[in-house]
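Enquirer: Sequence isn't available, so here's the structure alone:
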Ligand SMILES: C[S@@+](CC[C@H](N)C(=O)[O-])C[C@H]1O[C@@H](n2cnc3c(N)ncnc32)[C@H](O)[C@@H]1O
């Protein structure tokens with residue numbers, strides 16, 4: 001008789017693998033733990049088969065709220081294309097989730113700018129084979145102009161737009177704590193069957209430099225996140241861009257706000273079935289983990305790689321600049337004028353909510369090799385670009 005047991009569920013196998021790494025090499029930086037929990041091939045939260053985004057998943061993004069979000073980004077892409085000469089124009093979407101943004105952008109370009117659509121290439125870069133398969137099903141009607149890639153390294157130099165929505169917050173970040181003895185990093189160790197945290201000197205000098213370069217003093221006991229992977233990603237994206245724009249949408253702040261002394265516990269959160277927790281060691285591989293984005297670090301990384309900072313605003317101002325009010329008025333008129341009788345109007349309003357998505361989400365626009373031109377999405381700015389940069393940052397150089 002067979003004595004074989006079924007293999008342990010995915011999350012058990014993932015925990016075993018992480019424990020084995022710690023047993024072999026000692027405690028690992030939190031960033032390494034997060035990398036394996038989210039992206040371990042076949043077993044991580046994003047790389048496994050779990051339904052992640054939307055009602056049946058763990059969290060919503062703006063794409064789930066209303067397609068006007070993607071349609072307006074499509075309009076922004078059409079406007080950006082005018083800064084580039086005729087010829088192939090490529091949109092690279094990094095971290096495409098279910099493929100909804102690609103779908104809405106492609107529809108917007110096809111419907112409003114057929115000549116651009118005829119020369120448009122759409123490249124999706126995603127780390128998740130599961131989400132890639134979902135994207136391919138949704139985007140079947142556009143398959144003639146889309147290519148899929150597992151890394152930015154696979155792309156030829158891009159003339160066009162590199163864009164992302166809620167990619168950066170999900171890249172693995174380091175966690176640090178200020179102690180009486182100076183800055184310490186959070187490492188993950190094992191005690192019995194459990195993951196436990198240990199503080200030790202930082203694994204990279206870049207961690208302390210994040211605060212030193214902006215003269216930020218953290219009080220004792222302060223705990224926060226630092227996303228070095230986001231800076232590497234921005235460098236790589238900038239290097240891929242031959243001419244055009246980088247458009248980054250995510251929740252976050254300039255460094256001086258993100259690391260303000262009263263934000264003592266950082267912004268780390270986990271999402272599981274639309275419930276929020278702060279425990280990364282529960283449901284390993286079955287919950288998303290995120291932290292707010294340091295947009296100053298993205299701006300710095302882009303400038304160091306030769307990008308010009310074009311603008312920084314919040315989602316509400318961005319969408320108003322692109323004309324969401326007209327769309328909302330049309331829907332309201334169609335539904336009789338009372339917002340309470342229009343689910344669709346209320347969904348659109350959610351994208352603009354000053355206590356939610358409208359203010360929490362920010363939009364960063366950088367460019368290379370194209371002349372400055374007014375962009376509708378940046379006409380109403382919630383911030384000045386100097387809010388992001390260091391005093392010693394170089395002034396905008398002519399293209
Ligand atoms: C939070 S989801 C956002 C999805 C979608 N943009 C949206 O707003 O609905 C993050 C996406 O980024 C992808 N991703 C995470 N890390 C990545 C990486 N290093 N390279 C490419 N894609 C990545 C995930 O697979 C997922 O599709």
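Expert: That came in fine, so what should we check first? Since the model is a prediction, treat every value here as computed from it, not as a measurement.
Enquirer: If you tally nearby residues, what's the number for residue 346?
Expert: Using other C-beta atoms under 10 Å, residue 346 has 16 neighbouring residues. For every residue, glycine as well, the C-beta is placed using N, CA and C.
Enquirer: Next, give phi and psi for the closest residue to residue 230 other than its chain neighbours.
Expert: Nearest-residue entry for residue 230: residue 168, 4.8 Å, with adjacent residues in sequence omitted and distances by C-beta to C-beta, 6 or more residues apart in numbering. Per-residue torsions, residue 168: phi -60, psi -40 (degrees, to the nearest 10).
Enquirer: who are the neighbours in contact with residue 168?
Expert: When contacts are counted by C-beta atoms under 8 Å, 6 or more residues apart in numbering, residue 168 touches 227, 230, 233, 248, 250, 252, 293, 298.
Enquirer: and the gap between the closest residue to the ligand within the stretch 251-399 of the chain and residue 36?
Expert: Closest to the ligand within the stretch 251-399 of the chain is residue 288: 6.8 Å, counting by C-beta to the nearest ligand atom. Computed with C-beta to C-beta, to the nearest Å, the distance linking residue 288 and residue 36 is 14 Å.
Enquirer: again with residue 184
Expert: As judged by C-beta to C-beta, residue 184 and residue 36 stand 22 Å apart.
Enquirer: near the ligand, which residues of the protein show up?
Expert: The chain comes close to the ligand at residues 46, 53, 61, 63, 94-97, 101, 125-128, 131, 165-167, 170-171, as judged by C-beta under 6 Å from any ligand atom.
Enquirer: how about the strands in the stretch 1-150 of the chain?
Expert: Secondary structure of the stretch 1-150 of the chain by DSSP state E, counting those that start in this stretch: the strands cover 28-29, 89-94, 120-125, 146-149.
Enquirer: In CSV, list those along with mean pLDDT and mean neighbour count.
Expert: Formatted as CSV, the strands of the stretch 1-150 of the chain follow (pLDDT from 0 to 100; neighbours: other C-beta atoms under 10 Å):
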stretch, mean pLDDT, mean neighbour count
strand 28-29, 98, 20
strand 89-94, 98, 25
strand 120-125, 98, 22
strand 146-149, 98, 17
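Enquirer: right, and the ones you listed - which one's nearest residue 82?
Expert: Nearest to residue 82 among the strands of the stretch 1-150 of the chain is strand 89-94 (10.2 Å), distances taken as C-beta to C-beta.
Enquirer: And the closest one, how far out from the chain middle?
Expert: Relative to its chain's centre, strand 89-94 lies at 15 Å (C-alpha atoms, centre = their mean, to the nearest Å).
Enquirer: ok now the longest strand anywhere in the chain, how far from the chain's centre?
Expert: Counting residues, the longest strand in the chain under DSSP state E turns out to be strand 241-253. Remark: strand 241-253 is offset 10 Å from the chain centroid, using C-alpha atoms, centre = their mean.
Enquirer: Mind listing what's buried along it?
Expert: Under the neighbour-count criterion of 16 or more other C-beta atoms under 10 Å, strand 241-253 has 241, 243-253 buried.
Enquirer: again with stretch 57-64
Expert: For stretch 57-64, a neighbour-count test (16+ other C-beta under 10 Å) marks 57-59, 61-64 as buried.
Enquirer: In helices, which of those appear?
Expert: Using DSSP state H, the members of those that fall in helices are 62-64.
Enquirer: Can you tell me which of these is closest to the ligand?
Expert: residue 63 (4.4 Å).
Enquirer: Now do the contacts for that closest one.
Expert: Applying C-beta under 8 Å, 6+ apart to residue 63 gives the contacts 69-70, 97-98, 100-101, 104, 165.
Enquirer: how about 7 Å then?
Expert: Residues in contact with residue 63 (C-beta atoms under 7 Å, 6 or more residues apart in numbering) are 69-70, 97, 100-101, 165.
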